[in-house]
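Chemist: sharing a sequence plus its predicted fold:
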Amino acid sequence: ANFYFRIGSYCVLCVVFSAVACVVCVLCHGGRTVRNMSIIKRFVRIFKYFYGIQFETYGEEKLHDDKPCVIISNHQSILDMMGLMEVLPRNCIQIAKRELFYMGPVGLIMYLGGVIFINRKRTSAAMSAMEEVGNTLVQENLKVWIYPEGTRNESYDLLPFKKGAFYLAVQAQVPVIPVVYSSFSSFYHPEKKIFTSGKIKVEVLDPIKTEGLTVTDIPKLLETCHSVMRETFFRLSNKPNENGTNGPTSQPMQ
Ligand SMILES: CCCCCCCCCCCCCCC(=O)SCCNC(=O)CCNC(=O)[C@H](O)C(C)(C)COP(=O)(O)OP(=O)(O)OC[C@H]1O[C@@H](n2cnc3c(N)ncnc32)[C@H](O)[C@@H]1OP(=O)(O)O
Ligand SMILES: CCCCCCCC/C=C\CCCCCCCC(=O)OC[C@@H](O)COP(=O)(O)O
């Protein structure tokens, strides 16, 4: 029962907070702009106190370079929204599945925040939507946050990556910055109906340059990102990986 209460209240908070955030955003900025993301961030960062979630971030300063880039991160559940807003830098929009747009005030607040909605069932439309972002990223000095697994994944591993984020980064010739969240499985496990308090480690990895890369380099770029994120995921989640090492490399942000 506690699991359903906590998940239910999370959804209710999303609906209520996004309705309030919509009013604040329209009053402050009048309409759809990435500047609304800083308002959304303030609302969502309150969520962690309701659920006793603590974040331990490493390397967050790597996201503070005021230049366009593509940020990619692993995606485990709707709780990822808290982790996203915990380290979201300025001028950063997200790519989201179109279904979220139809979730009442949640969809409206995402629209106001500049979120780009894609239809995963129509690859060509999704690709052109992302291509458009690639065209404006540099002149608008935008960052874009993409979940390359393309869906939530509660397995204790990373799914294979979709290619869209890497096409976008190479098209815009901007760096890819991987962000890795440790596994939620110690405190959040839908099958076992577990949702308690817990700590999430977040590590921002070094930017990976794409200057000079072309579409032929995308498979290798994808593979490099996937393997470094997978190794970090195992290390942050204290899951012994193939060579059995674990434990964070940098000091936590003070
Ligand atoms: C106060 C309360 C507030 C509450 C709200 C607060 C706001 C929070 C916002 C949070 C947002 C979180 C949203 C989370 C999500 O919705 S995640 C799900 C959606 N995201 C994604 O799916 C992104 C990852 N997907 C991709 O990038 C895909 O590549 C996609 C573009 C969607 C295409 O999908 P698909 O066809 O399945 O994938 P592939 O990558 O395998 O591509 C297939 C072939 O097409 C080629 N390809 C891909 N992209 C391109 C391109 N841009 N140009 C040319 N060709 C492209 C690719 O090479 C593949 O061909 P081959 O197989 O290589 O031959
Ligand atoms: C008054 C009208 C109310 C309408 C009903 C609104 C109910 C919705 C309430 C809460 C939804 C919480 C979503 C918050 C945003 C979190 C985004 C997210 O992380 O979801 C991504 C996920 O989906 C990925 O797609 P898959 O389904 O895994 O592939």
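Modeler: Structure's in. What do you need? Numbering: from 1, shown residues only. Ligands and ions are numbered 1, 2, ... in the order given.

Chemist: what's the separation between Ser38 and Gly114?
Modeler: Distance, Ser38 to Gly114, using CB to CB, to the nearest Å: 11 Å. C-beta here means a position set from N, CA and C on the backbone, and glycine is covered the same way.

Chemist: okay, now the closest residue to Cys11 other than its chain neighbours: neighbour count?
Modeler: Excluding the flanking residues, the one nearest Cys11 by CB to CB, 6 or more residues apart in numbering is Ile78, at 7.9 Å. Neighbourhood size, Ile78 [other CB atoms under 10 Å]: 13.

Chemist: please put the alpha-carbon coordinates of stretch 162-182 into CSV.
Modeler: Listed next in CSV are the C-alpha coordinates belonging to stretch 162-182 (Å, rounded to 0.1, in the frame of the first residue of the first chain):
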residue,chain,number,x,y,z
LYS,A,162,19.4,4.6,-30.0
LYS,A,163,21.3,6.7,-32.5
GLY,A,164,19.4,10.0,-32.5
ALA,A,165,21.4,11.8,-29.8
PHE,A,166,24.6,11.0,-31.7
TYR,A,167,23.3,12.1,-35.1
LEU,A,168,22.2,15.4,-33.4
ALA,A,169,25.6,16.0,-31.8
VAL,A,170,27.6,15.2,-34.9
GLN,A,171,25.2,17.3,-37.1
ALA,A,172,25.7,20.3,-34.7
GLN,A,173,29.4,19.4,-34.1
VAL,A,174,28.8,19.9,-30.3
PRO,A,175,30.2,17.7,-27.5
VAL,A,176,28.3,14.8,-25.9
ILE,A,177,28.3,15.0,-22.1
PRO,A,178,27.3,11.7,-20.4
VAL,A,179,25.5,11.8,-17.0
VAL,A,180,25.1,8.6,-15.1
TYR,A,181,22.6,7.9,-12.2
SER,A,182,23.2,5.0,-9.9
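
Chemist: chain center to it, what's the gap?
Modeler: Its chain's C-alpha centre lies 12 Å from the corresponding centre of stretch 162-182 when counted by CA atoms, centre = their mean, to the nearest Å.

Chemist: taking this structure, what residue is nearest to ligand 1?
Modeler: Gly164 (2.1 Å; CB to the nearest ligand atom).
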